[in-house]
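[1] kindly generate the corresponding structure for this input.
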Amino acid sequence: MNFKPYAISWNTTYRCNLRCSHCYLDTNALTKQSATELTTQQGFRLIDQMAELNPNLLLILTGGEPLLRKDIYDLASYASKKGMMVVVGTNGNMIDDDIAKRLKESGVTGIGISLDSVKPELHDKFRGLRGAWDDTLNGIEACRRQGIEFQIQTTVTRENFHEISDIIEFSYNLGARVFNLFFLVCTGKGQELTDITPQQYDQALHQLYEIQNKYYGKMMVGAKCAPHYRRIVYEHDAASPLVRAYAGGCPAATHYCRITPEGDVTPCPYMPNVSGNVREKSFVEIWNNTADFQTLRHEKLNGRCGICEFRYICKGCRARALANTGNQMDEDAWCDYVPGKYGSTAIQLAPAETFGVDEDFTMSWSPDAKSIIKQIPSFSRGMVIKNVERYASNKNYREITGDIMKAVREEMMSNRRTAFPMKNENDVMTNKTVNQSAPAQTENNDEIPWTEEARKRVEHAPDFVRPGILKLMQKKARQHRYKEITSKFLSEIRDESMQLASRRIKNIGFDELRMDAWDKAKEKLKNARKKEVIDNIKAFLDERTVKNDGIITKFQAYLNAVDKTSGKEESSSPVWTVEAEQRLAKAPIFVRGRAKKSIEEFASKQGMPEITVELIDQYMKNIPSFVKDKFR
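    Reported below is the predicted structural model:
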């Protein structure tokens, strides 16, 4: 087996602006810079040595709080130029637009941000600082504005165990591409905490599997420091891509390791046994020859883990075994599975179906296809290459192109056999965020499929409005979380649009649905483009051979409903222009709901049926400056 690093966590500093109760780092060093932290030049040399083993690995720059290192941008840029996928693990409290922009310019492809509750007071208590929750969400908003992808990381404890589904939903609404649930290993300050029970552990993992189905294709949901999750997923769906992480369960020392601020190398962040220091030895030598690493790669597991049929898929958490017994090869006490349910033979996946497979091109690949492959994390490239070439061979294609890769992805998605949900058509089969990828809520341009019945309905629309309808339905389908555009969905959006139109047309002269009302409306408009649209609509209606009385009846009902709201249309909720909605979206999500309601109340008091950017500016003249800043 080829033991190659695919992901490395580098604790770049002990310094931190929070006091998290579960931190695995030295509690006495959190407030000061360690005199022995690797320097910038030593960091560059370390990155060079990592690249000797795998220039395309996933490098996680974390801490402490890595943004407290002034050279973090230089380190990120240097690693990115080597070909590494660089991500930053942070509490998010320091991120503003300038920092988010600098990180993106430095080649950082994703930010992992910690969030431990939907309740500010609980998150602040866990993180040891009042106001941490607000600062974290402000950091997330800055990432969104600057177009840098982020994932949410939550450590499960007794306090937030019952919040798991709420935190995941909240993360999705924030726009996270990935949600990872971390399971506490009691080391460092975490030794003072009481972990969840093995029963709760198992319950949380089963719950996580059900939840990830809910967000399938929209946000990747996974578990960290919980290799048993692969066994649970296997029991639900043996073909799931979630089973295939690396080629041997817990990746510590086989495909993953940690480096401390001083340069000590350990198998993972929760394993304190030092295998060498990069100041004294090359990282290549430490990775290849360290006794602890060799033990984790080759020695047999003890206890239940040693006889379990899932020992190759799961392997148990080696850090938890070490923490409990002092022997990293002992059984993982936090797993309550009794081996033998699926027989005594070890379950193994075919090499081509696992992450961590070597890259092996056996067919001709076009430049655009190879550029796509380079954007996929190295631990999954080998598997992707094999799957794409298998597909191309079966179809008798001679060369792999970007279009063929798109076709493979579509086929895999239809069979629910992919770990690569994409952001948009230009990112076909890519994965540009922390560890694994999922679509953002705010900007997901994947084409949502149409049923034949729905597409036929749109084909009858006038030529001058059909493109707009197609675009609008894609947008609405994403907003409403639809995976397919159906005839029923079109009807729902039609009704929604008619209610909106019934309010607007009252303002431009429609009292009844009569043809001469178009002329009356046109007289009130100053915009030439809008007048042209009215002429096109009127011309189309004049040419109709069949009258849809059902639509007219329904529209008339909406018009009448407007009249019945306290005798005047102004009592209806004001309509937001697109520009105003975009302005509102700049406000942090935790104040957006209240802001929306306040602005609508302000508009109603002013007798304004429509909320514009100008009206928002007028509203903001009377609010505190610190609130105004959130809208800029």
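
[2] the helix or strand that contains residue 257 packs against which elements?
    Taking DSSP states H and E as the criterion, residue 257 maps to strand 256-259. Helices and strands touching strand 256-259, by 3 or more CB pairs under 8 Å, 6 or more residues apart in numbering; DSSP states H and E, are strand 7-11, strand 264-266. For the C-beta atoms, the positions are set from N, CA and C on the backbone; glycine is no exception.

[3] pairing partners for the first one, with directions?
    Strand pairing for strand 7-11, determined by DSSP bridges: strand 58-62 (parallel), strand 256-259 (parallel).

[4] list the contacts of the first one.
    Spelled out, it's strand 58-62. 6-12, 47, 50, 72, 75-76, 79, 84-90, 112, 377-379, 434-435 (CB atoms under 8 Å, 6 or more residues apart in numbering).

[5] show me the shaky parts of the stretch 151-300 of the chain.
    Scanning the stretch 151-300 of the chain with the threshold set as pLDDT under 70 gives 186-195, 245-248.

[6] quick one, strands of it?
    178-183, 220-224, 256-259, 264-266, 276-277 (DSSP state E, counting those that start in this stretch).

[7] what would the strands paired with strand 7-11 look like in JSON lines with distance to residue 205 and mean neighbour count?
    As requested, the strands paired with strand 7-11 are arranged in JSON lines below (distance: least, CB to CB, whole Å; neighbours: other CB atoms under 10 Å):
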{"stretch": "strand 58-62", "distance to residue 205": "23", "mean neighbour count": "23"}
{"stretch": "strand 256-259", "distance to residue 205": "20", "mean neighbour count": "23"}
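
[8] any chance of TSV for those strands, columns distance to residue 370?
    Below are those laid out as TSV (distance: least, CB to CB, whole Å):
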stretch	distance to residue 370
strand 58-62	19
strand 256-259	26
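
[9] among those strands, which is nearest residue 366?
    Closest of those to residue 366 is strand 58-62, at 25.6 Å (criterion: CB to CB).

[10] circling back: and the helices and strands packed on strand 256-259 as TSV, adding distance to residue 608 and mean neighbour count?
    Shown next, in TSV, are the helices and strands packed on strand 256-259 (distance: least, CB to CB, whole Å; neighbours: other CB under 10 Å):
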stretch	distance to residue 608	mean neighbour count
strand 7-11	53	23
strand 264-266	62	22
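
[11] show me what contacts the closest residue to residue 113 other than its chain neighbours?
    Leaving aside its chain neighbours, residue 113 sits nearest to residue 92 (4.1 Å; criterion: CB to CB, 6 or more residues apart in numbering). Neighbour list for residue 92: 111, 113-115, 135-140 [criterion: CB under 8 Å, 6+ apart].

[12] between those, which is nearest residue 269?
    Comparing the contacts of residue 92 against residue 269 with CB to CB places residue 114 closest, at 13.7 Å.

[13] so what's the closest one up against?
    Contacts of residue 114 by CB under 8 Å, 6+ apart are 89-92, 127, 136, 152-155.

[14] output the strands of the stretch 151-300 of the chain in a markdown table, with distance to residue 284 appended to each entry.
    Below are the strands of the stretch 151-300 of the chain laid out as a markdown table (distance: least, CB to CB, whole Å):
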| stretch | distance to residue 284 |
| --- | --- |
| strand 178-183 | 29 |
| strand 220-224 | 26 |
| strand 256-259 | 12 |
| strand 264-266 | 11 |
| strand 276-277 | 11 |
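
[15] what ranges do the strands span in this protein?
    Along the chain, counting by DSSP state E, strands occupy 7-11, 58-62, 85-90, 108-114, 150-156, 178-183, 220-224, 256-259, 264-266, 276-277, 364-365, 399-400, 575-576, 610-611.

[16] can you say which of those is nearest to residue 169?
    Residue 169 lies closest to strand 178-183 among those, at 9.5 Å (CB to CB).

[17] check which residues of that closest one are buried.
    178-183 (16 or more other CB atoms under 10 Å).

[18] ok, and the closest non-adjacent residue to residue 10?
    Spatial nearest neighbour of residue 10, excluding adjacent residues (CB to CB, 6+ apart): residue 259 at 4.6 Å.

[19] quick one: the one you found and residue 59, what's the gap?
    According to CB to CB, to the nearest Å, residue 259 stands 10 Å off from residue 59.

[20] overlap in contacts of these two?
    Contacts common to residue 259 and residue 59, judged by CB under 8 Å, 6+ apart, are 8, 10.

[21] quick one on the thing from earlier: residue 451 is nearest to which of the strands paired with strand 7-11?
    Using CB to CB, those put strand 58-62 closest to residue 451, at 38.8 Å.

[22] I'd like the average pLDDT over that closest one.
    The average pLDDT within strand 58-62 is 96.

[23] quick one: stretch 149-161 to chain centroid distance?
    Remark: stretch 149-161 is offset 14 Å from the chain centroid, using CA atoms, centre = their mean, to the nearest Å.

[24] buried ones in that stretch?
    149-157, 159-160.

[25] from those, which is closest to residue 383?
    For those, the nearest to residue 383 is residue 151 (21.2 Å; CB to CB).

[26] quick check: closest non-adjacent residue to residue 262.
    Once flanking residues are discounted, residue 262 sits nearest to residue 36: 4.4 Å by CB to CB, 6+ apart.

[27] likewise residue 55?
    residue 83 (4.4 Å).

[28] tell me if I'm right that that neighbour and residue 56 touch.
    Yes. Counting by CB atoms under 8 Å, residue 83 touches residue 56, with 5.1 Å between them.

[29] where do the contact lists of these two overlap?
    With CB under 8 Å, 6+ apart as the test, residue 83 and residue 56 both reach residue 374.

[30] the two - which one has more neighbours?
    Using other CB atoms under 10 Å as the criterion, residue 83 and residue 56 rank with residue 56 on top: 18 against 13.

[31] leaving out chain neighbours, which residue sits closest to the more buried one?
    residue 378 (3.9 Å).

[32] residue contacts, that neighbour?
    So residue 378 contacts 6, 54, 56-58, 85, 359 (CB under 8 Å, 6+ apart).

[33] what do you get for residue 456?
    Per CB under 8 Å, 6+ apart, neighbours of residue 456: none.

[34] so which residue is smack in the middle of this structure?
    Among the residues of the chain, the one closest to the centroid is residue 177, at 1.1 Å (CA atoms, centre = their mean).

[35] surely it is in contact with residue 222?
    No. Under the criterion of CB under 8 Å, residue 177 is not in contact with residue 222, lying 11.7 Å apart.

[36] widest-spaced pair of the buried residues of stretch 149-161?
    Farthest apart among those - using CB to CB - are 149 and 159, which lie 28.5 Å from each other.

[37] wait, what's in contact with the nearest residue to residue 342 once chain neighbours are set aside?
    What sits nearest to residue 342 in space, not counting adjacent residues and going by CB to CB, 6+ apart, is residue 309, at 5.2 Å. Residue 309 makes contacts with 339-347, as judged by CB under 8 Å, 6+ apart.

[38] identify the farthest-apart pair in the residues you listed.
    Largest pairwise distance in the contacts of residue 309, by CB to CB, is 13.4 Å, between 341 and 346.

[39] tell me how many other residues crowd residue 359.
    Residue 359, neighbours per other CB under 10 Å, totals 13.

[40] so where's the stretch 501-632 of the chain shaky on pLDDT?
    Ranges of the stretch 501-632 of the chain meeting pLDDT under 70: 501-573, 588-591, 593, 622-632.

[41] let's see that with 50 instead.
    508-510, 564-571, 625-627, 630 (pLDDT under 50).

[42] would you put the C-alpha positions of stretch 221-239 in CSV?
    C-alpha atoms of stretch 221-239 as CSV (Å, rounded to 0.1, in the frame of the first residue of the first chain):
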residue,chain,number,x,y,z
VAL,A,221,-22.4,16.8,5.5
GLY,A,222,-19.7,14.7,7.2
ALA,A,223,-18.2,13.6,10.4
LYS,A,224,-14.6,14.1,11.6
CYS,A,225,-12.7,12.1,14.3
ALA,A,226,-15.4,9.5,13.9
PRO,A,227,-14.2,6.7,11.6
HIS,A,228,-17.2,4.6,12.7
TYR,A,229,-19.3,6.8,10.5
ARG,A,230,-18.2,4.8,7.5
ARG,A,231,-19.5,1.6,9.1
ILE,A,232,-22.8,3.2,9.8
VAL,A,233,-23.0,4.6,6.2
TYR,A,234,-22.1,1.2,4.8
GLU,A,235,-24.9,-0.4,6.7
HIS,A,236,-27.3,2.1,5.2
ASP,A,237,-25.8,2.2,1.7
ALA,A,238,-22.7,0.2,0.8
ALA,A,239,-22.4,2.2,-2.5
